[in-house]
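> everything below, folded, please.
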Amino acid sequence: MWALVENGNVVEVYGYPKSVVINDIRYPPDMFTLHTEDEKKQIGVYDVQPKEKPDSRFHTFGEVSFSYDADNEVVKETFVVADKSLDDVETDARDDHDNFIINEGLKTQQQNECKREAHHMIQRYQWLVERYIYDNTKTIPDAVATYVENVRSTCATVCAAIENCSDIDALKAVETNWPDDYLIRDYIR
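Got it, this is the predicted structure:
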């Protein structure tokens, strides 16, 4: 990414090479990649130093702006980063049943994701339960029952850890160590 700087101000930002007119001279798109840095600086085009984007699962960022850093001869990208809400927020809007609409916070989103993953892991062995219901002589293998209980226990532990988070950094630190189904994969359907 490059920016045109005039009198210390960023006038235009180029996200990709394109034909541009600077000081009444038309430059081809390959000028951005073929000219040296010094050659580009002579006509007022500087490299843009991008700001690291935040993890969009946890943060939002506002409008992007660019400023010229004369000391380092580079244009810097800036934006405001804000944490997403940890907790659910009730809005003033109402749904079709006249209930207030709730915007789910990060805790609820992360807990729901954990529950979906646990459900997916267990669902692959659901056929064993159905088989047992129709023919109780065909039991569910102990290893499968243990695995399912470990998945459920892990999910409950992770959801509790998420609920106890007081800030974004604590939420980011929550790890999920799901049990391994290596020994029971023959039962996957």
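
> CA atoms of the lengthiest helix in the chain as CSV?
Taking DSSP state H as the criterion, the chain has its longest helix at helix 142-163. Output in CSV follows, covering the C-alpha atoms of helix 142-163 (Å, rounded to 0.1, in the frame of the first residue of the first chain):
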residue,chain,number,x,y,z
ASP,A,142,-17.6,-48.4,27.6
ALA,A,143,-14.8,-46.5,25.7
VAL,A,144,-17.5,-44.5,23.8
ALA,A,145,-19.5,-43.8,27.0
THR,A,146,-16.3,-42.6,28.7
TYR,A,147,-15.4,-40.4,25.7
VAL,A,148,-18.8,-38.8,25.6
GLU,A,149,-18.7,-38.1,29.4
ASN,A,150,-15.3,-36.5,29.0
VAL,A,151,-16.5,-34.3,26.1
ARG,A,152,-19.5,-33.2,28.2
SER,A,153,-17.3,-32.6,31.2
THR,A,154,-14.8,-30.6,29.2
CYS,A,155,-17.6,-28.5,27.7
ALA,A,156,-19.0,-27.7,31.2
THR,A,157,-15.5,-26.8,32.5
VAL,A,158,-14.8,-24.5,29.6
CYS,A,159,-18.2,-22.8,29.8
ALA,A,160,-17.6,-22.2,33.5
ALA,A,161,-14.2,-20.7,32.8
ILE,A,162,-15.7,-18.5,30.1
GLU,A,163,-18.4,-17.3,32.5
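
> mean confidence for it?
The average pLDDT within helix 142-163 is 98.

> and that helix, which residues are buried?
For helix 142-163, burial by neighbour count (16 or more other Cβ atoms under 10 Å) applies to 144, 147-148, 151, 154-155, 158-159, 161-162. In this view, the C-beta of every residue, glycine as well, is placed from N, C-alpha and C.

> domain assignment for the chain?
Under automatic domain parsing, the residue ranges defining each domain of the chain are 2-83, 89-187.

> ok, now which ones touch the residue lying farthest from the centre of the chain?
For the chain, the residue at maximal distance from the C-alpha centroid (Cα atoms, centre = their mean) is T137, at 47.2 Å. Counting by Cβ atoms under 8 Å, 6 or more residues apart in numbering, T137 makes contact with nothing.
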